[in-house]
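Chemist: Just a sequence and a predicted model for now, questions to come.
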Amino acid sequence: MHEPASATMNGAESLLRTLVASGVEVCFANPGTSEMHFVGALDRVEGMRAVLGLFEGVVTGAADGYARMTGKPAVTLLHLGPGLANGLANLHNARKVPVPMVNIIGDHASAHQRFDAPLTSDVAAFARPVSHWVHSSPNARSVASDAARAVQAARTAPGQIASLILPADTAWLAADRPAPPLPVLGPAPVSDSAVAQAVAALRTGGPVAFLLRGEALTGPGLAAAGRIAAKTGARLICDTFVPRVERGAGRIAVERLPYRPGPALDFLKGIETLILVGAQAPIAFFAYPGQPSELTPPGCRPLPLAFPHEDGPGALQALAEAIGATAPGRATPHRPSAFPADGALTAEGIMRIVGHFLPENAIISDETISSGFPFYPLSETAAPHDSLQLSGGAIGDGMPVATGAAIACPDRKVVSLQADGSAMYTLQSLWTQARENLDVTTVIYANRAYQVLVYEVEGVGLGSVGPKGRSLFDLSNPVLDWVKLAEGMGVEAVRVETHAAFADAFKAAMGQRGPRLIEAVI
Ligand SMILES: Cc1ncc(C[n+]2csc(CCOP(=O)(O)OP(=O)(O)O)c2C)c(N)n1
């Protein structure tokens, strides 16, 4: 598509038109003066939804959630180095997924940079560790083609973070025209020999398991894995935390790797070949004194079938075909979890009730940390849903991811299962959910603590810490009032302390549209 040159088009407008032409439809933004020409162009160019986030961690996390659900990049609009820096933790998480994302980061006009004005910083230095592609546009006429290249970089399989830095003058000076979209580099097909080696491993008779990640955990990839498992008895496993997995009734069940090294090694014991599809060989989340980092047990051979940039679903389908695995895999039955007896609310009870009332095709954003992890199997037989998990380890991702997923999938209920400590990092997400009227129900696991760190004290071999140390895990003084926090941002909220009250509130929220928050005191 070649648009005519325009005497009046500035760099910002050429950028926006290029992004839209390249299929980018949503801009999560927190702009400032240096991005003002981009802001101005938003009303002159059709086709870009602009969504304000009141902190850059919301902006970048929402772009992550959007991309996980659509497979497409959103664009973020960030204000110079400090704005980008505020968004870094969730860019780190997004890079670990990885998802396609285009960051547009404003900078001072070229001629202004030598004065070291207050907001002057090394933007590229902030961007580099969280980006696969970084570029600063040298002039207004190159902005359009740079934007097309940024989208191309973002869409390169398996998804990349592309950061385009725009000095303000490149946005306000005259440009020629938008640039046409560039070809997308999709996933590479796996080699025949990789498939042949997996066939051989399945035929030699030793116990085989698959470690699945990325697209292998959804749609045709997961279905093919299910056929292979049904035919061969191979186990299907995923990492402890995955960016996205399809679960629930009718889906193929995938076992979750335990968190701690010891249990993880026990769990994998006896497997002779671990076939990797979009995953790396398992490693521990943290190093613990005296514990291994590598979790592939002795005697087990990791065998890559598809690397993350390769076509995992295609590889699984080829493998299924090669071994004649045509019968469908064993679908998970629909058996909503049994209701807990009434009484004081517990984390287990929450998951049972969520599993019971979860509507079909819901999206769960799971940042439950210590409260949800042990009870994850309880939602296995719930209605079919997607589970989006914190896979980069930097807490504060759950609520933004829920926000972005709701924008990506307006017809699906989003359930944001959220630990209270992590929620405080990016709670401004609630304001965006209210403003955009997103169909997100947030459940705050209000245990008033950084509880997982209490467990980690033991994990790292400390035994215990003193009162000063313990005070760093305690969120009870003062108690966070989630009802007031949510209401203050325009989200209807309720506090519950019993199973019956939680069930009533959750059921009601599932039956209505729009943002809601339930403070679940446990
Ligand atoms: C960006 C970032 N900062 C700090 C941490 C360390 N950290 C891991 S879990 C956690 C507390 C989690 O508390 P909460 O969300 O309430 O969940 P709970 O442990 O109570 O289940 C902290 C501070 C982290 N992982 N990421």
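Modeler: Arrived safely, thanks for sending.

Chemist: Indicate the residue of the chain located nearest to the ligand.
Modeler: Residue nearest to the ligand within the chain (C-beta to the nearest ligand atom): Gly421, separated by 2.6 Å. Any C-beta I mention is one placed from the backbone N, CA and C, and that applies to glycine too.

Chemist: what residues are up against that residue?
Modeler: The contact partners of Gly421, by C-beta atoms under 8 Å, 6 or more residues apart in numbering, come to 369, 395, 449-450, 475.

Chemist: run the last query once more with 10 Å
Modeler: Shown in contact with Gly421 (C-beta atoms under 10 Å, 6 or more residues apart in numbering): 367, 369-370, 395-396, 445-453, 473, 475, 480.

Chemist: what's the answer for Thr33, then?
Modeler: With contact set as C-beta under 10 Å, 6+ apart, Thr33 has these partners: 39, 79-80, 106, 108, 119, 168.

Chemist: count of neighbours near the residue nearest to Arg203 when sequence neighbours are not counted?
Modeler: By the measure of C-beta to C-beta, 6 or more residues apart in numbering, the closest residue to Arg203 outside its immediate chain neighbours is Ile323, 7.7 Å from it. The tally of other residues near Ile323 (other C-beta atoms under 10 Å) stands at 16.

Chemist: What are the contacting residues of the helix or strand containing Pro263?
Modeler: When elements are defined using DSSP states H and E, Pro263 is found to belong to helix 261-268. Where contact means C-beta under 10 Å, 6+ apart, the residues beyond helix 261-268 that reach it are 209, 211, 235, 237, 240, 255-258, 260, 274, 282-288, 290-298, 300, 459.

Chemist: give me phi/psi at Val415?
Modeler: phi -110, psi 120 (degrees, to the nearest 10).

Chemist: try Pro297
Modeler: Backbone geometry at Pro297, expressed as degrees, to the nearest 10, gives phi -70, psi 160.

Chemist: follow-up on the earlier one: secondary structure class of the residue of the chain closest to the ligand, three-state.
Modeler: Following DSSP: H, G, I helix; E, B strand; the rest coil, the label given to Gly421 is helix.

Chemist: What's the separation between it and Ser365?
Modeler: In this structure, Gly421 and Ser365 are 16 Å apart, going by C-beta to C-beta, to the nearest Å.

Chemist: and if you look at Gly270?
Modeler: With distances taken as C-beta to C-beta, Gly270 is found 34 Å from Ser365.

Chemist: And the worst-scoring helix or strand of the chain on mean pLDDT, what does it pack against?
Modeler: The helix or strand of the chain with the lowest confidence, counting by mean pLDDT, DSSP states H and E, is helix 451-459 at a mean of 93. When contacts are defined as 3 or more C-beta pairs under 10 Å, 6 or more residues apart in numbering; DSSP states H and E, helix 451-459 sits against helix 369-372, helix 420-423, helix 467-471.

Chemist: quick one, phi/psi of Tyr425?
Modeler: Backbone geometry at Tyr425, expressed as degrees, to the nearest 10, gives phi -70, psi -40.

Chemist: Please write out the alpha-carbon positions of the helix holding Pro263 in CSV.
Modeler: Taking Å, rounded to 0.1, in the frame of the first residue of the first chain, the C-alpha atoms of helix 261-268 are listed here in CSV:
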residue,chain,number,x,y,z
PRO,A,261,13.9,-28.1,42.9
GLY,A,262,13.5,-31.2,45.1
PRO,A,263,9.8,-31.9,44.2
ALA,A,264,10.5,-30.9,40.6
LEU,A,265,13.2,-33.5,40.3
ASP,A,266,11.0,-36.2,41.9
PHE,A,267,8.2,-35.2,39.6
LEU,A,268,10.4,-35.8,36.5
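
Chemist: Let the chain start at 626 from now.
Modeler: All set: I'll call the first residue 626, so the last point we hit is now helix 886-893.

Chemist: So Ala1030: helix, strand or coil?
Modeler: Reducing the assignment to helix, strand or coil with three-state DSSP, the entry for Ala1030 is helix.

Chemist: Disregarding residues adjacent in the polypeptide, which is nearest to Pro1140?
Modeler: If you skip the residues right next to it in sequence, Pro1140 has Gln1058 as its closest partner in space, 4.0 Å away by C-beta to C-beta, 6+ apart.

Chemist: Quick check: the one you found touching Ala1030?
Modeler: No: no contact is recorded between Gln1058 and Ala1030 when judged using C-beta atoms under 10 Å, the distance being 11.0 Å.

Chemist: Pull up the overlap in contacts between those two.
Modeler: Overlap between the contact sets of Gln1058 and Ala1030, as judged by C-beta under 10 Å, 6+ apart, is given by 687, 1039, 1041, 1065.

Chemist: what about the helix holding Pro888, distance to the chain center?
Modeler: From the chain centre to the centre of helix 886-893 is a distance of 25 Å (C-alpha atoms, centre = their mean, to the nearest Å).

Chemist: tilt between that helix and helix 1076-1084?
Modeler: For helix 886-893 against helix 1076-1084, the angle between stretch directions is 90 degrees (axes from the mean of the first three to the mean of the last three C-alpha atoms, to 10 degrees).

Chemist: Can you list the buried residues in helix 886-893?
Modeler: Going by neighbour count (16 or more other C-beta atoms under 10 Å), the buried part of helix 886-893 is 886, 889-890, 892-893.

Chemist: List, one by one, the residues from the stretch 976-1125 of the chain near the ligand.
Modeler: With the criterion set to C-beta under 6 Å from any ligand atom, the stretch 976-1125 of the chain comes near the ligand through 994-996, 1018-1021, 1044-1047, 1072, 1074-1078.

Chemist: What subset of those is buried?
Modeler: Of the members of those, the ones counted as buried by neighbours, 16+ other C-beta under 10 Å, are 994-996, 1019-1021, 1044-1047, 1072, 1074-1078.

Chemist: Those: which two are farthest apart?
Modeler: Ala1019 and Asn1072 (20.2 Å; C-beta to C-beta).

Chemist: shaky segments in the chain?
Modeler: Under the criterion pLDDT under 70, the flagged ranges of the chain are 626-632.

Chemist: what residues does it put near the ligand?
Modeler: Counting by C-beta under 6 Å from any ligand atom, the chain comes close to the ligand at 714, 994-996, 1018-1021, 1044-1047, 1072, 1074-1078.

Chemist: and the closest residue to Arg872 other than its chain neighbours, what does it touch?
Modeler: Here the nearest residue to Arg872 in space, its sequence neighbours aside, is Ser1012; by C-beta to C-beta, 6+ apart that works out to 5.4 Å. For Ser1012, the set of contacting residues under the criterion of C-beta under 10 Å, 6+ apart consists of 842, 867-873, 881, 987-991, 1001, 1004, 1040, 1042.

Chemist: how does it look with 7 Å?
Modeler: 870, 872, 989, 991 (C-beta atoms under 7 Å, 6 or more residues apart in numbering).

Chemist: My read is that the second one contacts His1010, right?
Modeler: The reference is to Arg872. Yes: contact status for Arg872 versus His1010: in contact at 6.1 Å, counting by C-beta atoms under 7 Å.

Chemist: hang on, the earlier thing: which of the contacts of Ser1012 tops the neighbour count?
Modeler: Neighbour counts for those were taken using other C-beta under 10 Å; the highest belongs to Ile989, which has 27 neighbours.
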